[in-house]
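A.B. asks: quick one: sequence and predicted model below, then my questions.
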Amino acid sequence: MPYLFYLDGVQMPVTPSKLKIKIGNQNKQVILINEGAVNILKSPGLTEISFDLLIPQVKYPFAKYPDGFKPADFYLNKFELLKTQKKPFQFICSRTKPSGELLFDTNIKVSLEDYTISEDANNGLDLTVSIKLLQFRNYGTKILKTTSSSGATTISATVETPRETTTAPKPKTYTVKKGDTLWNIAKLCFGDGSRWKEIYELNKDKIKNPNLIYVGQVLTLPTQGASV
């Protein structure tokens with residue numbers, strides 16, 4: 001299957017055969033006095049993602065290891081870190097045709113809600129890990145104080161998305177090193193791996209398949225504030 005899965009920049013060795021993405025919502029149906037009903041539209045809920053991963057204990061020809069073979073405990077330790085570090089990370093599913101042409105991708109900031117490790121004699125030494133991810137949205141708290149004519153002070157709090165901070169300009173080009181991926185380069189240069197597609201769009205003359213870049217390639221980088 002010409003799909004690639006990445007969790008926090010780490011490519012999974014075997015692409016799952018199934019991927020379930022649930023697009024949540026918070027709309028509320030209300031029954032009126034006349035027994036009619038209306039649907040009150042609210043802000044979207046969080047997206048849920050679930051899939052089962054095969055984690056090999058030995059190296060198979062169909063498994064992918066961009067930086068060389070990694071044993072099962074490497075991935076298990078990574079899952080545990082993603083669960084306990086209390087930080088969101090990027091989930092990417094990149095879909096391409098057998099020819100290498102990019103179809104589309106799922107690229108979303110998530111948290112690892114839970115994972116289940118299964119061992120089955122039918123799978124030999126290999127493990128199956130069931131993963132559940134939940135979309136993460138940045139938020140912050142804003143405190144507002146108001147004073148009425150009587151002198152009473154009211155304090156209220158609202159939730160808002162924090163503003164982006166300004167950072168120093170980044171280099172305009174990047175030379176690919178061993179083990180690099182477009183996602184990792186975007187993470188390194190901009191602090192946001194989801195901007196890998198901007199790099200790909202600027203370098204289509206050099207990159208035929210976004211999943212295949214080579215040591216020594218000099219890539220043009222987008223400006224710091226640009227986004228797709």
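C.D. replies: Perfect, thanks for sending it. Numbers count the residues shown, from 1 in each chain.
A.B. asks: pairing partners for whichever strand in the chain runs longest, with directions?
C.D. replies: Across the chain, the longest stretch assigned as strand under DSSP state E is strand 102-119. Using DSSP bridges, strand 102-119 pairs in its sheet with strand 89-96 (antiparallel), strand 127-135 (antiparallel).
A.B. asks: please work out the average pLDDT along the shortest one.
C.D. replies: Mean per-residue pLDDT for strand 89-96: 86.
A.B. asks: is residue 21 in a helix, a strand, or coil?
C.D. replies: strand (DSSP: H, G, I helix; E, B strand; the rest coil).
A.B. asks: report the separation between it and residue 38.
C.D. replies: In this view, residue 21 and residue 38 are 28 Å apart by CB to CB, to the nearest Å. Where you see a C-beta, it was placed from the backbone N, CA and C, and this is true even at glycine.
A.B. asks: which one's more surrounded, the two?
C.D. replies: A count of neighbours by other CB atoms under 10 Å puts residue 21 above the other of residue 21 and residue 38, at 14 against 10.
A.B. asks: quickly find the element holding the nearest residue to the more buried one once chain neighbours are set aside.
C.D. replies: Nearest residue to residue 21, sequence neighbours excluded (CB to CB, 6 or more residues apart in numbering): residue 49, at 5.3 Å. Residue 49 belongs to strand 48-55 when assigned by DSSP states H and E.
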